[in-house]
Structures are given as structure tokens and as C-alpha cells.
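J.: Got a sequence here, can you model it:
(chains A and B)
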Amino acid sequence: MSTVFEYRELFIQGLQATALLTVLGLLLTLVVAFTAGLARLSRHWVLRAPSYVFVEVFRGTSMIVQLFWFYYALPQLGLQLTPLFAGVLVLGLNEGAYAAEVVRGTIASRPRGQTEACIALGLSPAQRMRRVLIPQSIPAMLPSFGNVFVDLLKATSLVSFITVSELTFLALDVRNNTGETTAVFLTMLVIYFALAMAIAMLTLLLERRFAIDRKRRPSLRKALLGSGGGPVSA
Amino acid sequence: MIWSNEYAIDILPVLLDGLWLTVRITLLGMGIALVLGLFVAVIRFLKIPVLSALFTFYVLFVRGTPLLAQVYAAFYVLPTYGIRFSALVTGVAVIGINYSAYTAEVYRAGIEGVPAGQWEAAKALSLPHRRTWAKIVLPQSIKTIIPVLGNYWVQMFKDTAILSAITVVELMQSAKTLANSDVRSLEPYTIAGIMYLVISYTASLLVKALERRYAPTH
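T.: Down below sits the predicted model:
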């Protein structure tokens, strides 16, 4: 363990880079998710079709392929991205494609009566979405977005492939420099685990705060283990 | 010339070889995940004092850490204790163990999803314990379990690319090797992407069809 202590600054630096990637990735994920998710609910095929293709392409290919494509293949087309930019971009587009399905699915599953009531009250389709359907859907989206958040954290480790010095990259670096393997990798795993638990707790707090039905309080176990569906079926 | 068709056709056989290994890894990995996940789910379901809590932690820990970090840890740590496997064996084992934590939860959610009334009805009819499980609970839970497992299978197919980190020559590693030796990145990565897309998109359509067919009736 002394090696880990000696190199603690590198671990802290890696932790910071991982946290930065996660937060920036989450911001982009939210933007992408609502843009693509709402576009898929549109009446106009000009919006629906591209968003369907986007979601299927980014869900259907490995994130590693996407990272390599944006970082190593794009320069051949004359566009060189910085590692951090390419990393955040791919994290946001990839997880955003999954989260777009969460947005679309949750809004589409609001009870019909809500839409009917909006029409009866003479709200325009835009008002209906902005004032009624989206605000109602957000509490229902929280558990799935919690899963996406944890997936995002785990996905940041892949950004080490394009030379971003985040936690996995630096752990590998420390291991190569010192030859100390077990303690270094154990520390790395524990840090990831602690971060994932923190995200799960945060999601639970948000769920409890915004629960529409206060009697059915979300449980800790569900927040930690998810609903069993995972990101794919969400 | 930015995109070279000739070069693309040239590298196709190498990438197809990689794809074939990817498919085999996915089959083996899912086999491990299905069996190990069932074992974990049963232990947790039986609520054996210390053991069940231990497996709950196992599920939490495996799901709370990145697959890549697990792959590196297994690949570099095990040999220091004299346990030596090839990269391929380590990779398949880690991906199978990783997904077992997810399949275990799928089994659990599937069984808990059977309405309490079904258990009560079985009890009221004084069906023996074994027949309650075999004829009432499992057949109903399997309908919800199978499509979710299908989704995880597709997910695993894409995740096998992570094994390229420990030099398993699956599809992604084949593409990387080509890109490094020929100094052309666009074609290998684009074709690899298309291969992943075609297979996982087709598979996800199949899973959707299964979902519709097995839509729970209760």
C-alpha cells in the first residue's frame, strides 16, 4: 500500500479527471437525450428519422469504436480533435443515445388523460409538452437517469484508450512505473466503486425529493441495484 | 483519395476473422453469465445469513466498477500470484463474471415480478412447493426474463471490444492492428463500426420481437 500512498497525487489527479469527464459527459448526455428523445416524438418525419438513425447508430456500435473513430479516423478526413474533447463528445453522444430512449419512453407513457386535458384546456402542443408532459415525466425518468449516470462514470475508463490521463490510465501508469500491481488496481477499483455508490445515493435523494407519490418512497436497494432492466431495455 | 475502396476490400478478411472471435467470445461469455448469474440469484434468494449478504456486495461491486478496470486488474494481478491464463481466457472469464452480476438481478426481478396472487392461488390449491415453482412461478417469470437477457447479450457483444485492451485479437483489436500497420485509420474503424452495428441492430430487432411475443399477460 505504500506505493499507493507515495503516488497519491496521481490517484487524486486521475480521480479529478474522471470526475470532470463524468460531469461534462453528463451535461452533454442531457442535452443530447432531450434533443433526440423529443425529436423522436415529433409529428414530422424530418425530425423523427434522423433521430432514430442517430440513436440506433450510437447504441449499435461499441463505444470504443466510436472513440477511435472520432480520435484516430477523423484526422484522415481533416479534423483533429483534442483527446478530452473527443472523449466528452463520444461519452455524451453514446450515453445520450441510450438516455434519449429513456426520455422518449417516459414521455410517451404518460397517461392519455393528461394530453386530453391539455387539449380541453386549449394548450398548444408546445405548451402541453413544456408545461405538463415534461415536468411530469422528470420524476419518472430519475431512476433510469441514475443508471445512465453510473454507466457514464464507468464509460469514462474507456477514454484512457485515447490518452486522456484519467483514473484507469494513471493507475496503469503507476503500475508500469512501480511494478506494484495488486494495491494499485485495488485502489482504482475501490475509487470507482465509491464514486458509483455516491451517484446511486445522489439519485436516491433526488428521487425522494421529487417523488410525486410520497407514500411510495423509493428504496435504497432499488437505487443501488437498479430495476434489473439496465441501460439497454430502459 | 480519402476513402479507398480497394483497401477496404483488402482488409475485410482480417476484420471478419476478428468478428468471428468476437462472436465466439460473446457466446462463451454469455454462457458463463447465465449459469453464474443463476447461482448468485439463488444464493441471494435463499437469504443464507452471511453468504447472501456477501453475494449482494458482489453484485454491487461488479456493477459499480468499469469492465475495463476489472479486465486490467484480472490480467495483471492474477499472474503475480502465479495464476496464469491466456489473455483470451482471462477476458472471457472477466466478461462472464461481469455480466453475471447483471443476469443475477434479471433473474431476481423476473421472479419478484410474478404477482403475489399467483403464489397465494398456488397455496390455496395446496400445490406442492416444487410444482408451484416449476409450473406457476418459473414459466411466468421466464417471459419477462428472456427479452432482458437478450438485451444484455447484445450489450455484451459490443462490450467485448474492451478485451482489445489486453491484446485479445477480436474485431476491435484487428481494426487497431490494421490501423497501426497501414497508417490508415478511417477504413478499419469504419468497417468495424458497421460490423458491430449490423449485428447488434439485427439482434436488437429480434429481442424486440421476443418482447412483444412474451409480453406478460398478468
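J.: Please make it C-alpha for all contacts and neighbour counts, starting now.
T.: Noted.
J.: Close to chain B: what parts of chain A are there?
T.: Chain A comes close to chain B at residues A:56-57, A:60-66, A:68-69, A:72-74, A:76-77, A:150, A:154-155, A:157-158, A:168, A:181-182, A:185-186, A:188-189, A:192-193, A:196-197, A:224-225, A:227-230, A:232-233, as judged by C-alpha under 8 Å from any C-alpha of the partner chain.
J.: what comes up buried for the helix or strand harbouring A:Ala33?
T.: Using DSSP states H and E, A:Ala33 falls within helix A:8-40. Along helix A:8-40, the positions that meet the burial threshold by neighbour count (16 or more other C-alpha atoms under 10 Å in any protein chain shown) are A:10-11, A:14-15, A:17-26, A:28-40.
J.: going on from it, what's the next piece of helix or strand?
T.: In the C-terminal direction, the helix or strand that comes right after helix A:8-40 (DSSP H and E) is helix A:45-60.
J.: which non-adjacent residue is nearest A:Glu180?
T.: Across the structure, with C-alpha to C-alpha, 6 or more residues apart in numbering or on different chains as the measure, the residue nearest A:Glu180 apart from its sequence neighbours is A:Thr3 (7.0 Å).
J.: Secondary structure element holding that neighbour?
T.: According to DSSP H and E, A:Thr3 maps onto helix A:2-6.
J.: In three-state terms, label A:Val164 for me.
T.: Per DSSP: H, G, I helix; E, B strand; the rest coil, the local secondary structure of A:Val164 is coil.
J.: Chain B versus that one, what's the distance?
T.: Using C-alpha to the nearest C-alpha, to the nearest Å, one obtains 15 Å as the distance from A:Val164 to chain B.
J.: shouldn't that residue be in contact with A:Phe85?
T.: No. Using C-alpha atoms under 8 Å, A:Val164 makes no contact with A:Phe85, being 9.9 Å away.
J.: Looking at the two, which is more packed in?
T.: Summary of the neighbour comparison: A:Val164 and A:Phe85, criterion other C-alpha atoms under 10 Å in any protein chain shown, with A:Val164 having more neighbours (24 against 15).
J.: what residues are up against that one?
T.: The neighbours of A:Val164, taking C-alpha atoms under 8 Å, 6 or more residues apart in numbering or on different chains as the test, are A:Pro83, A:Leu84, A:Gly87.
J.: how about these in TSV, adding pLDDT and secondary structure?
T.: Rendered in TSV, the data for those read as follows (pLDDT from 0 to 100; DSSP: H, G, I helix; E, B strand; the rest coil):
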residue	pLDDT	secondary structure
A:Pro83	96	helix
A:Leu84	96	helix
A:Gly87	97	helix
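J.: got a winner among those for most neighbours?
T.: For the contacts of A:Val164, counting by other C-alpha under 10 Å, the largest number of neighbours falls to A:Gly87: 29 neighbours.
J.: With adjacent residues omitted, what lies nearest to it?
T.: What sits nearest to A:Gly87 in space, not counting adjacent residues and going by C-alpha to C-alpha, 6+ apart, is A:Val159, at 5.7 Å.
J.: Thought A:Phe68 was touching the one you found, still the case?
T.: No. Here A:Val159 does not reach A:Phe68: they are 9.6 Å apart, not a contact under C-alpha under 8 Å.
J.: So those two - more neighbours on which side?
T.: Each of A:Val159 and A:Phe68 has its neighbours counted (other C-alpha under 10 Å); A:Val159 has more, 27 against 24.
J.: pLDDT score for the more buried one?
T.: Taken from the predicted model, the pLDDT recorded for A:Val159 is 97.
J.: so how far is A:Leu24 from B:Val148?
T.: If you measure B:Val148 against A:Leu24 using C-alpha to C-alpha, to the nearest Å, the figure is 30 Å.
J.: again with B:Phe61
T.: In this structure, B:Phe61 and A:Leu24 are 25 Å apart, going by C-alpha to C-alpha.
J.: do the same with B:Ala53
T.: Plainly put, B:Ala53 is 35 Å away from A:Leu24 if you go by C-alpha to C-alpha.
J.: Likewise for A:Ile12?
T.: Noted for A:Ile12: a distance of 18 Å to A:Leu24, by C-alpha to C-alpha.
J.: Could you tell me how many residues sit around residue 101?
T.: As the question left the chain open, I've gone with chain A. If we define neighbours as other C-alpha under 10 Å, then A:Glu101 has 23 of them.
J.: Please refer instead to chain B.
T.: B:Ala101 is surrounded by 26 other residues when neighbours are defined as other C-alpha under 10 Å.
J.: In space, what's closest to it - neighbours in sequence excluded?
T.: In space, B:Ala101 comes closest to B:Val59 once its chain neighbours are excluded; the distance is 4.7 Å by C-alpha to C-alpha, 6+ apart.
J.: again with B:Tyr214
T.: Nearest non-adjacent residue to B:Tyr214 (C-alpha to C-alpha, 6+ apart): B:Lys143, at 5.1 Å.
J.: Correct me if wrong: that neighbour contacts B:Leu149.
T.: No. Because the distance of 10.6 Å does not satisfy C-alpha under 8 Å, B:Lys143 is recorded as not touching B:Leu149.
J.: quick one: which of the two has more around it?
T.: The neighbour count for B:Lys143 versus B:Leu149, taken as other C-alpha under 10 Å, is higher for B:Leu149 (21 against 18).
J.: hang on, the more buried one packs against B:Val106?
T.: Yes. In terms of C-alpha under 8 Å, B:Leu149 counts as a neighbour of B:Val106; the distance is 7.2 Å.
J.: now for the helix holding A:Ala33, which elements pack on it?
T.: Contacts defined by 3 or more C-alpha pairs under 8 Å, 6 or more residues apart in numbering or on different chains; DSSP states H and E place helix A:8-40 against helix A:45-60, helix A:83-108, helix A:134-155, helix A:167-178.
J.: Out of the ones you listed, the one nearest B:Ile199 is which?
T.: Ranking the helices and strands packed on helix A:8-40 by their distance to B:Ile199 (criterion: C-alpha to C-alpha) puts helix A:45-60 first, at 8.2 Å.
J.: distance of A:Ser137 from A:Arg48?
T.: Here the criterion is C-alpha to C-alpha. By it, A:Ser137 lies 20 Å from A:Arg48.
J.: and B:Asp17, how far is that from chain A?
T.: Plainly put, B:Asp17 is 17 Å away from chain A if you go by C-alpha to the nearest C-alpha.
J.: List the contacts of that residue.
T.: With contact set as C-alpha under 8 Å, 6+ apart, B:Asp17 has these partners: B:Glu170, B:Leu171.
J.: Mean confidence (pLDDT) on the helix or strand harbouring it, please.
T.: When secondary structure is defined by DSSP H and E, B:Asp17 falls within helix B:5-46. Helix B:5-46 carries an average pLDDT of 95.
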